[in-house]
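Undergrad: Using only what follows, build the 3D model:
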Amino acid sequence: VAIESDRELFLSAIESGNVAEAAEIYRGEFLPGFAVPGGIAFEHWAEAERQRLRLLFRHAAESLARETMGRGRFRAARDLARRVRDADPFDEGGWRLLIETCLTQDDRVSALAEGQRLQRLLSAEDRAPEPATQALLRRASAQRRTGWVAGHHPRADKDHHRQAQQYKDRLKDTTSKKQQ
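TA: Take a look at the predicted model:
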């Protein structure tokens, strides 16, 4: 009798490049709270596996969120970005992804609120934001407020597709610079 586990399904989706399926399957920590009395070797293995699976999820979900933003599906991208942030709140990359999705959606208020939450978290840990985070927070503070006039939401804006195209163009520029 074959036993199927979400870990195996997740890894299979990752290996096949199906990031959407992988992101759907991943639901949090591997064996949370599970311990074996006297099993220190198992505990070390399980913690390493938790970290590995979390990192695989982060890469898959971040890739999917960026692809989703590029298609103009900002709410779905923001939901994924929240999951990335929540998977490891001390990893600033997840926070940056979430703030970026807010800014792409012209939701400066949420971007600034998330930035403040991150700064409080880092301050409590006596840590300064990474340079990339500092730059994004400056961008959020400086970004011109658009789309939030008289109850108007930017997703309903006629410029919705233009914003998606601008994001795709920025993503292409970033990707090509990384490949050089």
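Undergrad: Tell me the spacing between the closest residue to F10 other than its chain neighbours and L137.
TA: In space, and not counting its chain neighbours, F10 is closest to I25: 4.5 Å by CB to CB, 6 or more residues apart in numbering. C-beta here means a position set from N, CA and C on the backbone, and glycine is covered the same way. Remark: distance between I25 and L137 (CB to CB, to the nearest Å) = 32 Å.
Undergrad: for T101, same thing?
TA: 15 Å.
Undergrad: ok, and for the lengthiest helix in the chain, which residues are buried?
TA: In the chain, assigned by DSSP state H, the helix with the most residues is helix 40-70. Neighbour counts over helix 40-70 (16 or more other CB atoms under 10 Å) mark 46, 53-54, 56-58, 60-70 as buried.
Undergrad: same thing with stretch 135-143?
TA: 136-137, 140.
Undergrad: Make CSV out of those and add secondary structure.
TA: Converted to CSV, the buried residues of stretch 135-143 look like this (DSSP: H, G, I helix; E, B strand; the rest coil):
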residue, secondary structure
L136, helix
L137, helix
A140, helix
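Undergrad: If we only consider those, which is nearest to R75?
TA: A140 (18.8 Å; CB to CB).
Undergrad: and the closest one, what does it touch?
TA: The contact partners of A140, taken as CB atoms under 8 Å, 6 or more residues apart in numbering, are 99, 102-103, 108, 111-112, 115.
Undergrad: what about the strands in the chain?
TA: Remark: no strands are assigned in the chain by DSSP state E.
Undergrad: which sections of it are below the confidence cut-off?
TA: For the chain, the stretches with pLDDT under 70 are 144-180.
Undergrad: The same query, at a cut-off of 90, please.
TA: Counting by pLDDT under 90, the chain contains low-confidence residues at 1-6, 27-47, 106, 141-180.
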